[in-house]
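Asker: Sequence isn't available, so here's the structure alone:
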């Protein structure tokens, strides 16, 4: 089970540094918008808006009459207000909050992987679409941060990508596409710093003593160094479903 309190705590702390360090999330947001067939909507509901990386792409590339945003970190509303105003903000965990209306487009970038039951959430979101509405999300696949998972012996995602795809077969699946992006860092410590500044270290509480940190550096360098730099793998997945 994902510790939602830890997720909220880590992302709350990283809000000020998230935008400058979330390089992969910016790539994902652009591609998510590019994959959309329609560019005009009555109502758009964005889940996990954070500091507004996807929100900026929405404003720049789509036309709409109503914009609704959600995030587990309520302070995100301050960032969204600077991008799209007026808006409707629904604070809270998307797994817990009730959705009492229908939307033309429900969209989420690099957020729903934090759900404990993503299949249940996707069903909930699809049921909240207007007729001919679209659900567009990006999440991460099984190989995401595989180097970190290997060294810290972390369990894989709470969902299997293959199983997720099978469960979505009953819907009108427009897009199911994944890719791997390898990011280079000067050393393993910079990898940890990157994860901290983007809040992604909310996977698990890991306390490193000086000795453990040294062991981490040595193992990471030995296993994942390439041309004098170390790599970190991201595995974005793009899904689009029509109602």
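Answerer: Received the coordinates, thanks. Quick caveat, the model's predicted, so the values are computed rather than measured.
Asker: what's whichever strand in the chain runs longest packed up against?
Answerer: The strand spanning the most residues in the chain, taking DSSP state E as the definition, is strand 129-140. In terms of contacts (3 or more C-beta pairs under 8 Å, 6 or more residues apart in numbering; DSSP states H and E), strand 129-140 is packed against helix 23-34, strand 40-47, strand 103-109, helix 118-126, strand 236-242. Just so you know, the C-beta spots here come from the backbone N, C-alpha and C atoms, and that holds for glycine as well.
Asker: quick one: average confidence on the helix or strand that it is followed by?
Answerer: Towards the C-terminus, the helix or strand next in line after strand 129-140, according to DSSP states H and E, is helix 146-152. For helix 146-152, the mean per-residue pLDDT is 93.
Asker: What residues of helix 146-152 count as buried?
Answerer: 146-149, 151 (16 or more other C-beta atoms under 10 Å).
Asker: before we move on, back to that, redo the helices and strands packed on strand 129-140 as JSON lines? Include distance to residue 72, mean neighbour count and mean pLDDT.
Answerer: Compiled in JSON lines, the helices and strands packed on strand 129-140 are given as follows (distance: least, C-beta to C-beta, whole Å; neighbours: other C-beta atoms under 10 Å; pLDDT from 0 to 100):
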{"stretch": "helix 23-34", "distance to residue 72": "16", "mean neighbour count": "19", "mean pLDDT": "97"}
{"stretch": "strand 40-47", "distance to residue 72": "10", "mean neighbour count": "20", "mean pLDDT": "98"}
{"stretch": "strand 103-109", "distance to residue 72": "12", "mean neighbour count": "25", "mean pLDDT": "98"}
{"stretch": "helix 118-126", "distance to residue 72": "13", "mean neighbour count": "18", "mean pLDDT": "96"}
{"stretch": "strand 236-242", "distance to residue 72": "21", "mean neighbour count": "21", "mean pLDDT": "97"}
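Asker: Adding distance to residue 199 as columns, could you present these in CSV?
Answerer: What follows is these, written out as CSV (distance: least, C-beta to C-beta, whole Å):
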stretch, distance to residue 199
helix 23-34, 10
strand 40-47, 16
strand 103-109, 14
helix 118-126, 19
strand 236-242, 17
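Asker: right, and those - which one's nearest residue 169?
Answerer: Minimum separation from residue 169 across the helices and strands packed on strand 129-140 (C-beta to C-beta) falls at strand 236-242, 10.7 Å.
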